[in-house]
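**Q** okay, predicted coordinates and the sequence, questions at the end:
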Amino acid sequence: MDSLRARCYLRTVRMTTRKFILMSDERTLDHATWGGHPETRERVTAVCERLRSGPLSSSLIEQRPRAAEWDTILAAHDEDYLLRFEEAALCGREWFDHRDNQIGEASYDAALLSAAAGPTAIDLLEAGRASSAFCAVRPPGHHAERSRALGFCFLNNAVIAARHWQKAHGRRRVLVFDFDAHHGNGIQRAFEADPDVLYVSLHEHPTFSFPGTGYAEETGTGPGTGATLNIPLLPGARDAAVLEALAERVDPAVRAFRPEAIVVAAGFDGHLLDDMSGLGYTTELFRHLGRAVSLWAAEFATGRSLTLLEGGYHLGSLCDGVEQYLFGLLGADDERRGKPT
Amino acid sequence: MYLAASMTTDPLCLHPEMSLLQARDLISGKNFRHFPVTDSAGRLVGMVSDRDLRSAFPSTALSPTVRQDQLERLGQVRIDTIMSRPAIALPRDATLDDALLLFDRHCVGALPVVDHDERLVGIITVRDVLGAYRKLFGIGGAGSSLVEVLDDGRPGLLSRIAAALEGGGIACTRLVRTGGADGADSAPGAVYARVQTYNIHAVHEALRAAGLEPIQRKPERP
């Protein structure tokens, strides 16, 4: 069995020939958390180390985010909020808006860099440097609202990236696909009235899980009605529930929407070993998710996709999950040509 | 928990001597479905629904002549001939639970609210009650998680949970105990705590440190 698994693993690695951009910056590690807080700097260092030393190392194009542009950030957040956040960090406050959101002196700058990673990567994708980019940055973003930090998130990296793709490159229809175990309330809130952004989220049911939003009946508002697809999963849900939803709900919605650009809010906290959710995903599921993104990108978005790291707090399963996701993302073209997996 | 904060005050009222045609003109274009009927002193005397009114009007399938004749007669028919009475009403100091039980028992969509002199002070609908409970239980608002704790049958369970959460600096807005607490239900009991945090790991740690058993629905590894 081990031998078979090893052969499959190597075959997966061999077919992973496409380059991808790894966007990271050691300055995001200066965002301080302490006292057993789950969102640690080790999350990003472990992921980067795995990618640099593992089978994907030869596929990396390493890049650092440029300095954040104010207008880009203002597409997702109010200026007063940003000033309040900066002041809280510089004044030595230990948390911002909620005790969950621990901060240190460098947290504001780290959050800006994390938010700038998406736009920087998008510009590189549009310049043809690669077709996929993975941003291994922190703090994460999908819970952050326009003027409110929430759930370890301060700036909504996915919203900032999606708006940049629309404004800077004219990709009007953007898919934001969120498979973090927790609903991305900040992303939904930003786009719920916007028919040009399809927000799809697979997450643990909001009756049980943070942040308590993302019920199936939330489908968007006003002109955005129908452009939000929430798929809540009951505690204990395994890969099969996700794969079924992917085939029967998500894929038809994406095909109907025909996105010109794809932003993925990638959380790995649905894994069996991650105690921040009640979901029971195996590592293998993340390869399926990467493959789905790759197929959508190839069919609708000239092959391009941007992936942003959100949650994932068990270091081992986080690294394994990211790696498998990228295998799926980078290997799907080979599969479409009929090669074995 | 009192319904007064959730009811609509100063609702649109009908009067018992009003004709059905006058009533129809009054409510036309208004997005209400239930209308208290009050006397000249503002005392509640009955209730009329838009369905009651529609039922009293002649069918559009009738010939125009017959229908017109019947419509003219409705100008002579008073509201108090079709209203429900005595109206089931709630006192001003009733709770949301009172309203919920009455809605459930009588299968109505709205209830008038009266003061001690039977004067109408408001109306509360099923939607109002749903909205109030949604707010009360924090459903749909961003920022909370639900934690399930095994009812170990030992005394002071709720106090111990509250103390463990407070000791961990974890804000808790609701504790709901289910199961066999009152002996009426033989199912294993549990307490549901709504906590205002994402850090569910820290919540579980705090509960375990206090000798409590948080229930996790995580599946076993295959």
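**A** Received it, and whenever you're ready, just let me know what you need. A quick note: this is a predicted structure, and the numbers were derived from the prediction, not measured. Numbering: from 1, shown residues only, chains lettered A, B, ... in the order given.

**Q** check which residues of the helix-or-strand element of chain B with minimal mean pLDDT are buried.
**A** Lowest by mean pLDDT, DSSP states H and E among the helices and strands of chain B is helix B:64-74, with a mean of 87. When neighbours are counted by 16 or more other C-beta atoms under 10 Å in any protein chain shown, the buried residues of helix B:64-74 are found to be residue B:74. Where you see a C-beta, it was placed from the backbone N, CA and C, and this is true even at glycine.

**Q** partner strands of the helix or strand following it and their direction?
**A** Going down the chain from helix B:64-74, the next helix or strand is strand B:90-91, by DSSP states H and E. Applying DSSP bridges, strand B:90-91 is found paired with strand B:110-114 (parallel).

**Q** now do the contacts for residue 196.
**A** No chain in the question, so chain A it is. Residue A:196 makes contacts with A:166, A:172, A:173, A:174, A:227, as judged by C-beta atoms under 8 Å, 6 or more residues apart in numbering or on different chains.

**Q** chain B is the one I meant
**A** Shown in contact with residue B:196 (C-beta under 8 Å, 6+ apart): A:98, B:143, B:144, B:170, B:171, B:172, B:173.

**Q** among those, which ones are in strands?
**A** A:98, B:172, B:173 (DSSP state E).

**Q** now do the helices in the chain.
**A** I'll assume chain A. When secondary structure is read from DSSP state H, chain A shows helices at A:2-14, A:41-53, A:70-74, A:79-90, A:107-126, A:157-169, A:185-191, A:239-245, A:251-257, A:283-300, A:315-336.

**Q** hmm, no, I was thinking of chain B.
**A** Using DSSP H, the helices of chain B run over residues B:20-27, B:50-56, B:64-74, B:96-106, B:126-136, B:157-167, B:200-209.

**Q** show me what the least confident helix or strand of chain B is packed up against.
**A** helix B:20-27 (3 or more C-beta pairs under 8 Å, 6 or more residues apart in numbering or on different chains; DSSP states H and E).

**Q** mean confidence for the helix it packs on?
**A** In this model, helix B:20-27 carries a mean pLDDT of 90.

**Q** got the buried residues for it?
**A** B:20, B:21, B:22, B:23, B:24, B:27.

**Q** and which of those is nearest chain A?
**A** The closest of the buried residues of helix B:20-27 to chain A turns out to be residue B:27 (C-beta to the nearest C-beta; 28.2 Å).

**Q** list the contacts of the closest one.
**A** Per C-beta under 8 Å, 6+ apart, neighbours of residue B:27: B:12, B:14, B:35, B:50, B:53.

**Q** surely the first one meets residue B:37?
**A** No. If you go by C-beta atoms under 8 Å, residue B:12 and residue B:37 don't touch, sitting 11.0 Å apart.

**Q** ok so, going back, including pLDDT and distance to residue A:235, could the ones in strands among the contacts of residue B:196 go into CSV?
**A** Below are those laid out as CSV (pLDDT from 0 to 100; distance: C-beta to C-beta, whole Å):
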residue, pLDDT, distance to residue A:235
A:98, 95, 24
B:172, 92, 20
B:173, 89, 20
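
**Q** present those residues as a markdown table; the columns should include distance to residue B:117 and neighbour count.
**A** Shown next, in a markdown table, are those (distance: C-beta to C-beta, whole Å; neighbours: other C-beta atoms under 10 Å in any protein chain shown):
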| residue | distance to residue B:117 | neighbour count |
| --- | --- | --- |
| A:98 | 48 | 18 |
| B:172 | 42 | 19 |
| B:173 | 38 | 13 |
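
**Q** so how far is chain B from residue A:58?
**A** Counting by C-beta to the nearest C-beta, to the nearest Å, the gap from residue A:58 to chain B is 32 Å.

**Q** interface residues of chain A facing chain B?
**A** Selection of chain A residues close to chain B by C-beta under 8 Å from any C-beta of the partner chain yields A:36-38, A:98-100, A:143, A:145, A:150-152, A:182, A:185, A:206-213, A:215, A:234-236, A:238, A:272, A:275-280, A:282, A:313.

**Q** kindly recompute the last result at 6 Å.
**A** Applying C-beta under 6 Å from any C-beta of the partner chain, one finds that chain A approaches chain B through A:38, A:100, A:150-151, A:185, A:208-213, A:235-236, A:238, A:272, A:275-276, A:278, A:280.

**Q** right, I'll call it a day here.
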